[in-house]
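predicted model and sequence follow; I will ask about them next.
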Amino acid sequence: MKLLKVDKLLIFWTIFVLLVIVLPFSPDSAVSQIMGEVDYSDKIAHFILFGIFAWLLNDSLQSRNIKNFSAYVLSFLGTSVYAGLAELIQSYIPSRDMSLSDFLAGTIGAIVALSVIYVRDKRK
């Protein structure tokens, strides 16, 4: 099976997300300083990281002629599993912890991304 451009992007993004989630996070980071006292930066990061992951996974599946509904469901399930594994991995990283709200932010990012794709596809 030949890797398509979207597959290569998906592989790159999967590795990138893995690297981001295993890096120790410092509360004194520049992102935390920008966000101020109420720090939702990790929720925003999970939302974006897993939203993009869901988008790429869906595009990869659709490029293989998997029907739209199946591609949406598989993309959501795949992203949810990856977001859950990310939280599990973070429980073993110093200065990181497992968080249900981070998992939910990732799955909500997937829902939003897949909803945008759905609307885009319906307009075609």
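Cool, got the structure.

only C-alpha atoms for contact and neighbour calcs from this point on.
Fine.

what are the phi and psi angles of the most centrally placed residue in the chain?
For the chain, Phe50 is the residue whose C-alpha lies nearest the centre (CA atoms, centre = their mean; 0.9 Å). Dihedral pair for Phe50: phi -80, psi -20, per degrees, to the nearest 10.

quick one: contacts for it?
79, 83, 106-107, 109-110 (CA atoms under 8 Å, 6 or more residues apart in numbering).

secondary structure added to the residues you listed, as TSV?
Converted to TSV, the contacts of Phe50 look like this (DSSP: H, G, I helix; E, B strand; the rest coil):
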residue	secondary structure
Thr79	helix
Ala83	helix
Gly106	helix
Thr107	helix
Gly109	helix
Ala110	helix
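
wait, which of these is closest to Asn68?
Nearest to Asn68 among the contacts of Phe50, counting by CA to CA, is Ala110 at 15.3 Å.

near that closest one, how many other residues are there?
Neighbour count for Ala110, taken as other CA atoms under 10 Å: 30.

in what helix or strand does the residue lying closest to it once chain neighbours are set aside lie?
Spatial nearest neighbour of Ala110, chain neighbours left out: Gly51 (4.3 Å); criterion: CA to CA, 6 or more residues apart in numbering. Per DSSP states H and E: Gly51 is located in helix 41-63.

what's the model's confidence in that helix, averaged?
Across helix 41-63, pLDDT averages out at 93.

the chain should start at 707 in everything you say after this.
Shifting the count to begin at 707 puts that one at helix 747-769.

coming back round to it: using JSON lines, lay out the contacts of Phe756 together with distance to Asn771.
Listed next are these as JSON lines, based on distance: CA to CA, whole Å:
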{"residue": "Thr785", "distance to Asn771": "19"}
{"residue": "Ala789", "distance to Asn771": "25"}
{"residue": "Gly812", "distance to Asn771": "26"}
{"residue": "Thr813", "distance to Asn771": "24"}
{"residue": "Gly815", "distance to Asn771": "24"}
{"residue": "Ala816", "distance to Asn771": "21"}
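
what's the burial count for Arg802?
Arg802, neighbours per other CA under 10 Å, totals 17.

for it, phi and psi?
phi -120, psi 160.

with that, I have no additional questions.
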